[in-house]
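**Student:** Test case, fold it:
(one chain, ligands or ions: 2)
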Amino acid sequence: MQYSQDFKTAAIALCNAGKFIDSKGWVPATSGNFSARLPDGTIAITTSGKHKGHLQVEDIMLIDHDANSLDGKKSSAETGLHTTLYKRYPTIQAILHPHSINAILVSKIFGDVIVLENYELLKAMHSITTHETRITVPIFANDQDIPRLAHVVDQYLDTVNDCYGYIIAGHGLYTWGESILEALRHLEALDYLFDCELRLHGVRKP
Ligand SMILES: CSC[C@@H](O)[C@@H](O)C(=O)COP(=O)(O)O
Ligand SMILES: [Zn+2]
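**Tutor:** Ligands and ions are numbered 1, 2, ... in the order given. All right, here's what the predicted structure looks like:
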């Protein structure tokens, strides 16, 4: 398979994102998956079962927007969650899914959603310009049936205007952005804000 320059650039950026995310302890074992949409609409995505902190360019593969492999490799088990988001949001170009402890703790403590408001760091989120903002991060029950889970997420997203990410209970966070860097910024900000809420609720020591 002859990969395009766009693919190679995205693959290197996803590998580097993985190193950073792993340095935070957010992708233990072989957990997590990442993707980036290329200008021609195809998607560079992590192959299944690799350690996401030690990714090599060969661990990134190419799929079409319906999740079909274009290079014969096996994509993430959660590919359907990525393609559903790309179909819904034409402007997003990257999706990151870590298994961060804070996201998991949040899902054990809060109910169907966690609300984040009056934090300066909310301005790290796309198009938010003031701390006087409230964002809602929904929490969905985990499900090994990915098409069914993708449908539940998609139905929820039909009902809201802005959404920066969602938590799968006991599992991890999905977040996205208009670039890999923006998705990384959203991930780091959300994890920090989850940490604030967990400390407020006495789950973590201040
Ligand atoms: C190591 S368990 C984690 C997996 O079940 C899954 O949730 C995950 O995030 C990674 O799956 P992958 O197929 O490598 O993309
Ligand atoms: Zn996962």
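**Student:** Near ligand 1, which residues of the protein are found?
**Tutor:** Remark: the part of the chain in contact with ligand 1 comprises 29-33, 46, 48-49, 76-78, 97, using C-beta under 6 Å from any ligand atom. Glycine gets a C-beta too; all of them are placed from N, C-alpha and C.
**Student:** Filter those down to the buried ones and express that as a ChimeraX selection.
**Tutor:** In ChimeraX, the members of these classed as buried (16 or more other C-beta atoms under 10 Å) are selected with the following command:
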select :32,33,46,48,76,78,97
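**Student:** how about the residues of the chain next to ligand 1 in a markdown table, adding secondary structure?
**Tutor:** Listed next are the residues of the chain next to ligand 1 as a markdown table, based on DSSP: H, G, I helix; E, B strand; the rest coil:
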| residue | secondary structure |
| --- | --- |
| A29 | coil |
| T30 | coil |
| S31 | coil |
| G32 | coil |
| N33 | strand |
| T46 | strand |
| S48 | coil |
| G49 | coil |
| S76 | coil |
| A77 | coil |
| E78 | coil |
| H97 | strand |
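**Student:** Closest to Y119 out of the residues of the chain next to ligand 1?
**Tutor:** Ranking the residues of the chain next to ligand 1 by separation from Y119, with C-beta to C-beta as the measure, puts H97 on top at 22.9 Å.
**Student:** Name all residues that make contact with the closest one.
**Tutor:** Neighbouring residues of H97 by C-beta atoms under 8 Å, 6 or more residues apart in numbering: 32-34, 78, 81, 172-175.
**Student:** 10 Å instead?
**Tutor:** Under the criterion of C-beta atoms under 10 Å, 6 or more residues apart in numbering, the contact partners of H97 comprise 21, 26-27, 31-35, 46, 52, 76, 78, 81-82, 103, 165, 168, 171-176, 183, 187.
**Student:** Could you save the residues of the chain next to ligand 1 as JSON lines and add columns showing pLDDT?
**Tutor:** Supplementary listing: the residues of the chain next to ligand 1 in JSON lines, determined by pLDDT from 0 to 100:
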{"residue": "A29", "pLDDT": "98"}
{"residue": "T30", "pLDDT": "98"}
{"residue": "S31", "pLDDT": "98"}
{"residue": "G32", "pLDDT": "98"}
{"residue": "N33", "pLDDT": "99"}
{"residue": "T46", "pLDDT": "99"}
{"residue": "S48", "pLDDT": "98"}
{"residue": "G49", "pLDDT": "98"}
{"residue": "S76", "pLDDT": "98"}
{"residue": "A77", "pLDDT": "98"}
{"residue": "E78", "pLDDT": "98"}
{"residue": "H97", "pLDDT": "99"}
